[in-house]
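Novice: here is my input; please provide its structure:
(chains A and B)
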Amino acid sequence: MLFFPWPVVCAQRNASGGGVMSDEEFDSRWVEFFSKQDIDDWELRKGVNTLIGYDLVPEPRIIVAILQACRRLNDSASAIRVLEVIKAKGGPRAAEIYPYILQEIQPTLDELGIKTPEQLGLDKY
Amino acid sequence: MADVPAGRLPKPQMRGLLISHLKKHSAIALVFAMGVTLAYKFAVADPRKRNYEEFYKNYDVKREFEAMKEAGVFHSARPSWESSDD
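Specialist: Numbers count the residues shown, from 1 in each chain, chains lettered A, B, ... in the order given. Just a heads-up that it's a prediction; the model follows:
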């Protein structure tokens, strides 16, 4: 079992130097990482911080896995923070990307009872 | 391009946003920098060079020296209208 996936920013290459990783594989490895049943707080934080260092907005299914991990760790604060961070990753195109992400993860938000930062008024300073 | 059920947002571009931004803006920056360089060349550098060329085309250093000497600016080459001390 990998400690955490090693794909690199631009061309997602395997750490073994075996060539470029496909987007699906990249996503699946991250879902797998966050789906570890006994994931700990450190791994969650490390995983999220590594993931947001990449030049991409994480796929909804990765975000779902992160939120499920937050649930297992009883970490509601991180769940909401992750949503803020996903919006930030959208950069200038956040207005287009963030609603799409919310649409895709809404079932998980409802299931886990996670409120978005906007619903909590945390997006206003 | 995929069919989206009514009322659902289509999937936007989510990967490589920074790199595409950098490529586009690097190209713009390069073109702009080259434009500024050319503008400086045509507006400043070339006229300056032409001015120097024009100035030195018929420059006679002996004539200029005599003119300066007569103006009295030299210590060791006094003008012709100044009498010597002894």
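Novice: which bits of chain B sit near chain A?
Specialist: B:8-19, B:21 (C-beta under 8 Å from any C-beta of the partner chain). Just so you know, the C-beta spots here come from the backbone N, C-alpha and C atoms, and that holds for glycine as well.
Novice: for the helix ranked longest in chain A, name the packing helices and strands.
Specialist: Ordering each helix of chain A by length in residues (DSSP state H) puts helix A:94-112 first. Under the contact definition 3 or more C-beta pairs under 8 Å, 6 or more residues apart in numbering or on different chains; DSSP states H and E, helix A:94-112 sits against helix A:60-72, helix A:76-89.
Novice: filter the residues of chain B next to chain A to the buried ones?
Specialist: Buried positions within the residues of chain B next to chain A, assessed by neighbour count (16 or more other C-beta atoms under 10 Å in any protein chain shown), are B:Lys11, B:Pro12, B:Met14, B:Arg15, B:Leu17.
Novice: can you redo the residues you listed as TSV with pLDDT?
Specialist: Shown next, in TSV, are these (pLDDT from 0 to 100):
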residue	pLDDT
B:Lys11	92
B:Pro12	93
B:Met14	94
B:Arg15	94
B:Leu17	94
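Novice: restricted to helices, list those residues.
Specialist: Applying DSSP H to these, the entries found in helices are B:Leu17.
Novice: how about the residue nearest the centre of chain B, phi and psi?
Specialist: Most central in chain B under C-alpha atoms, centre = their mean is B:Tyr40, positioned 3.9 Å from the mean C-alpha point. Backbone torsions of B:Tyr40, given as degrees, to the nearest 10, read phi -60, psi -40.
Novice: does A:Val31 touch A:Pro60 like I think?
Specialist: No: counting by C-beta atoms under 8 Å, A:Val31 stays clear of A:Pro60, with 10.4 Å between them.
Novice: what residues does whichever strand or helix holds B:Arg63 touch?
Specialist: Assigned by DSSP states H and E, B:Arg63 belongs to helix B:61-71. Helix B:61-71 is contacted from outside by B:Phe74, B:Ala77, B:Arg78, B:Pro79, B:Ser80, B:Trp81, using C-beta atoms under 8 Å, 6 or more residues apart in numbering or on different chains.
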